[in-house]
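K.L.:
quick one, structure for this:
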Amino acid sequence: MKKNRQNLIAQLIEQNQISTQEELLEMLLNAGVNVTQATVSRDIKEMRIVKHPASSGEYKYCMPSAAGEENASKYMSILVGAAVSTDVAMNTVVVKCHAGTAQAACAALDSLDLEDVAGTLAGDDTIFILCYSVETAAVTKKKLDVIFGF
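P.N.:
Reported below is the predicted structural model:
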């Protein structure tokens, strides 16, 4: 029953612009699902449903993957716009950025979940990407060069 309800919630969110729990509750009741607002609230939390800006400027509920895809697209434009060059220093990839953009670009890099990356560190115009080995740093640099169009 819970799984069916949550599948219906996902379907409703993907097919409609739903801004409030009350709207979602009404749609569920109209679909014949006898549910309370508290249960809808728990489902939203459990399903990790988020509110994301819609093209109209209002906020709407989105499934995590849909919101993630929209954010990934925004992150990629930040990342590509910020990067100036890449280099490798042993097991560290160095990304030079336009002044003041490295921290935002680093957050975008972190969202990519690159393999073989132990962590990242950003300053004002430079990002250090610590890789597990010299070999994986070279591979990571090549991946980034493709993303950046270098």
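K.L.:
following the chain past the helix-or-strand element of the chain with minimal mean pLDDT, name the next helix or strand.
P.N.:
Least confident helix or strand, the chain: helix 64-82 with a mean of 69, by mean pLDDT, DSSP states H and E. Using DSSP states H and E, the next helix or strand after helix 64-82 towards the C-terminus is strand 83-89.
K.L.:
could you list every helix and strand in contact with that following strand?
P.N.:
strand 92-97, helix 134-148 (3 or more C-beta pairs under 8 Å, 6 or more residues apart in numbering; DSSP states H and E). (Glycine included, C-beta is placed from N, CA and C.)
K.L.:
how about that strand: buried residues?
P.N.:
Of all the residues in strand 83-89, those buried under the rule 16 or more other C-beta atoms under 10 Å are Ala83, Thr86, Val88.
K.L.:
one more: stretch 134-146?
P.N.:
Thr136, Ala137, Val139, Thr140, Lys141, Lys143, Leu144.
K.L.:
what's the offset of it from the middle of its chain?
P.N.:
Between the centre of stretch 134-146 and the centre of its host chain there is 22 Å, according to C-alpha atoms, centre = their mean, to the nearest Å.
K.L.:
and that stretch, average pLDDT?
P.N.:
Mean pLDDT, stretch 134-146: 93.
K.L.:
what's in contact with that stretch?
P.N.:
Here stretch 134-146 makes contact (C-beta atoms under 8 Å, 6 or more residues apart in numbering) with 83, 86-88, 90-93, 95, 114-117, 129, 131.
K.L.:
so what's the residue count around Gln15?
P.N.:
Gln15 has 9 neighbouring residues, counting by other C-beta atoms under 10 Å.
K.L.:
cool, and the one 4 residues further on?
P.N.:
When neighbours are counted by other C-beta under 10 Å, Ser19 registers 15.
K.L.:
quick check: it touching Lys60?
P.N.:
Yes: between Ser19 and Lys60 there is a contact at 5.6 Å, judged by C-beta atoms under 8 Å.
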